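fold the following, please.
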Amino acid sequence: MDSAEVTGLLKAWRNGDGAAPDRLASVVYDELRRVARRYMRNERAGNTLQTTALVNEAYLRMVGVNNVDWQSRAQFFAIAAQMMRRILVDSARARGSHKRGGGAVRVNIDETAVLSPEPDASIVRLDEALEAFSKVAPRYAKVVELRYFGGLSEEEIAEVLKISPRTVRRDWEFARAWLKRELRVAPK
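Numbers count the residues shown, from 1 in each chain. Got it, this is the predicted structure:
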């Protein structure tokens, strides 16, 4: 996918080109599916929310947002990742996944999807930890969201947050350590 093409379509959309969102959808669809598959990898079998539905729901929500100052491909995928995260967490909460027995839920905060015998509980658990973390270290939490949920590279995250790739790397290492520690503690 050509970054300049995506950025051009985003700017056309921002400037009122009514056809730009449809043209953009055809250009970014495969990449959005890759991000969604990453989320859905360990969802339970028979889950009513499928990869295609997640992509479609996120894209529809993004198209429905007015007055977004679209700047770049990285910004677009950051917002898409945030939408997908919110959709999955809301879906998990709606299924009542917060009602579970004691004990810590294993969450792998590295480059892979959430791994757990109870994937719905683990994504809710990660979301809660990330929300708490964002109150004490908002930039670090945003780095986790963009890298873990969005699959953005260090360079793309640096572009979105307007920091250096080296700072992204340091933030990621610190955030990962903090979240691993928090997720080892049994849920309340």
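
by contact count, what packs against the helix or strand of the chain with the lowest mean pLDDT?
Considering only helices and strands, the least confidently modelled element of the chain by mean pLDDT, DSSP states H and E is helix 119-136, at a mean of 79. For helix 119-136, the packing partners by 3 or more CB pairs under 8 Å, 6 or more residues apart in numbering; DSSP states H and E come out as helix 73-94, helix 138-144, helix 165-184. The way it works is simple: take the backbone N, C-alpha and C, and place the C-beta from them, glycine included.

list the buried residues of the second one.
What it means is helix 138-144. 140, 141, 142, 143, 144 (16 or more other CB atoms under 10 Å).

same deal with the first one?
Of all the residues in helix 73-94, those buried under the rule 16+ other CB under 10 Å are 73-85, 87-89, 91-92.

any weak-confidence spans in this protein?
Judged against pLDDT under 70, the low-scoring parts of the chain cover residues 1, 42-49, 66-67, 95-121, 186-188.

count of residues packed around residue 156?
The criterion is other CB atoms under 10 Å. On that basis, residue 156 has 22 neighbouring residues.

contacting residues for it?
By CB atoms under 8 Å, 6 or more residues apart in numbering, the contact set of residue 156 is 73, 74, 77, 146.

show me what contacts residue 13?
Contacts for residue 13 (CB under 8 Å, 6+ apart) come out as 20, 21, 24, 70.

the first one and residue 56, how far apart?
Pointing back at residue 20 there. Summarising the geometry, the distance separating residue 20 from residue 56, computed by CB to CB, to the nearest Å, is 18 Å.

which one's more surrounded, these two?
A count of neighbours by other CB under 10 Å puts residue 20 above the other of residue 20 and residue 56, at 18 against 15.

what about residue 173, how many residues close to it?
Neighbours of residue 173 under the rule other CB under 10 Å: 12.

thinking again about what came up before, just the buried subset of the contacts of residue 13, please.
20, 24, 70.

look up how far residue 28 lies from the first one.
By that I understand residue 20. When distance is defined by CB to CB, residue 20 is 12 Å away from residue 28.

check residue 159 too.
Note on residue 159: its distance to residue 28, by CB to CB, is 16 Å.

again, but for residue 50
As for residue 50, its distance to residue 28 is 19 Å (criterion: CB to CB).

cool, residue 138 as well?
Counting by CB to CB, the separation of residue 138 from residue 28 is 27 Å.

with residue 179 instead?
Remark: distance between residue 179 and residue 28 (CB to CB) = 28 Å.

swap in residue 177?
When CB to CB is the yardstick, residue 177 and residue 28 sit 33 Å from each other.

comparing the two, which residue is more hemmed in?
Neighbours per residue, other CB under 10 Å: of residue 177 and residue 28, the larger number sits with residue 28, 22 against 11.
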